[in-house]
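1. I need the structure of the sequence given here:
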Amino acid sequence: MKTLTLMLSLLLSLPLLSLPVMASDRGEQKQVFGDYEVHYIGLTSNFIDEKTAQAYDIPRSRQLGYLSISVLKTHKNATPTPVRASVSGTIKNLIGQTRDLELREISETGAVYYITTFPFHEEEVYRIALKVTPEGQTRTYDVNFSQKFYEE
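-> Numbering: from 1, shown residues only. I've put the predicted structure just below:
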């Protein structure tokens, strides 16, 4: 538990830009589609530090989930580069109640993120379904995953 607390406190001290990087260091959640990687992280929004939350107008609450999605284009022998994309999605609980996710783009130097917050119930598993179309591409990639959120 102390390791988790330490990791979360480190996460809180980093800017929004670092969230996907931290995730990759911890066995990040991503799906690969040819030359594209779709990275995602979900957590309770109160884990985002206050300055970052204020800067990006992210509400902080123990009852709000937070998702961050980024799309990277891979290159042979080079670091993947962030790309803009059309990202939409839904979130569904186990009894089938579905809600559209309202994702918005955050663009920084060397990074592009699509973020959203949503209410959740303690320890309930949610199915997240994303449709991702990298800019300049016609193919849409389906990213599906399940995650349990906790009020922490």
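
2. so what pLDDT did the residue lying farthest from the centre of the chain get?
-> Largest separation from the mean C-alpha position in the chain: Asn77, at 26.0 Å (C-alpha atoms, centre = their mean). For Asn77, the pLDDT comes out at 87.

3. And Tyr56, by the same measure?
-> pLDDT at Tyr56 comes out at 93.

4. distance of Thr138 from Leu130?
-> 17 Å (C-beta to C-beta, to the nearest Å). All C-beta atoms are positioned from the backbone trio N, CA, C, and that covers glycine.

5. Which one of the two is surrounded by more residues?
-> More neighbours surround Leu130 than the other of Thr138 and Leu130, with 24 against 6 (other C-beta atoms under 10 Å).

6. Run a quick neighbour tally on Thr79.
-> 7.

7. if I've got this straight, it is in a strand?
-> Yes. Counting by DSSP: H, G, I helix; E, B strand; the rest coil, Thr79 is part of a strand.

8. Next one: it relative to Gln31, how far apart?
-> In terms of C-beta to C-beta, Thr79 sits 19 Å off from Gln31.

9. which SS class is Thr52?
-> Thr52 ends up helix, using three-state DSSP.

10. hang on, it packs against Ser68?
-> No. Using C-beta atoms under 8 Å, Thr52 is not in contact with Ser68, being 11.1 Å away.

11. neighbour-wise, which of the two wins?
-> Ser68 (21 against 18).

12. The spatially closest residue to Gly110 that is not a sequence neighbour - how many residues pack around it?
-> Excluding the flanking residues, the one nearest Gly110 by C-beta to C-beta, 6 or more residues apart in numbering is Pro82, at 6.7 Å. Neighbour count for Pro82, taken as other C-beta under 10 Å: 17.
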